[in-house]
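# turn this into a model:
(2 chains)
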Amino acid sequence: GQQVMQIPQYQHVQEGEDFTTYCNSSTTLSNIQWYKQRPGGHPVFLIQLVKSGEVKKQKRLTFQFGEAKKNSSLHITATQTTDVGTYFCSLPRGGNNRLAFGKGNQVVVIP
Amino acid sequence: DAGVTQSPTHLIKTRGQHVTLRCSPISGHKSVSWYQQVLGQGPQFIFQYYEKEERGRGNFPDRFSARQFPNYSSELNVNALLLGDSALYLCASRVAEATYEQYFGPGTRLTVT
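Numbering: from 1, shown residues only, chains lettered A, B, ... in the order given. This is a model prediction of the structure:
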């Protein structure tokens, strides 16, 4: 079956530094979404990527979809304490009706 | 506008009991999905409903069932609770069946003792 791997699972990031989190699939994807979940909160939709090689930016966040549409990355610059949380990627499994989430990348920001 | 709402927020049940969780989607959203999230893991898909019909089902036992009402609200039922059912149950709504962007509710924290 379709496997979703997120790396790393945990990151400690100094405030002001940049970091990247990755999402890898064993199969070609039609699309991928990214969500952020704050501690004690619920997942919040960030972005959807559909096209091969697509790059989308949201202020300090840059999302990229690989050329082969098997992987994606989220890069955050100038990390702030508000960036703390777990970042999940999700992808369709068996049609749009089912979404598979990765285990997430838990990010801790060190002031 | 109100976001997705879920009730109750917390629930403690005993093994063997059953539970009903409720979800109201964002106004105008016709699709509701249910997810189970255990600590340290990503959400696991349980069901999707659209226009009161089940459109997708995850790898969960038949003890899990759901339905959607004419006003698009939804219930998730779990029978014969097991300790392993302890988790955060999330409801997510979206405008239509085939759209990707989902809005999650705050979840119901279920503890089975």
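# for chain A, give me the ranges with low pLDDT.
A:1-2, A:94-97 (pLDDT under 70).
# need the residues of it near chain B, please.
When proximity is defined as CB under 8 Å from any CB of the partner chain, chain A approaches chain B at A:31, A:33, A:35, A:41-45, A:48, A:88, A:90, A:92-104. In short, each C-beta sits where N, CA and C put it, glycine included.
# same thing but at 7 Å, please
A:31, A:33, A:42-43, A:45, A:48, A:88, A:96-104 (CB under 7 Å from any CB of the partner chain).
# what kind of secondary structure is the residue nearest the centre of chain B in?
Note on chain B: the residue nearest the mean C-alpha position is B:W34, at 3.2 Å, using CA atoms, centre = their mean. Classification of B:W34 by DSSP: H, G, I helix; E, B strand; the rest coil places it in strand.
# and B:D85, its phi and psi?
Per-residue torsions, B:D85: phi -80, psi -10 (degrees, to the nearest 10).
# separate out the buried members of the residues of chain A next to chain B.
Buried members of the residues of chain A next to chain B, counted by 16 or more other CB atoms under 10 Å in any protein chain shown: A:31, A:33, A:42-43, A:45, A:48, A:88, A:96-104.
# circling back: nearest spatial neighbour of the residue nearest to the centre of chain B, skipping sequence neighbours?
Distances taken as CB to CB, 6 or more residues apart in numbering or on different chains place B:I46 nearest to B:W34, at 4.3 Å, with adjacent residues excluded.
# how many neighbours does that neighbour have?
For B:I46, the neighbour count with other CB atoms under 10 Å in any protein chain shown is 23.
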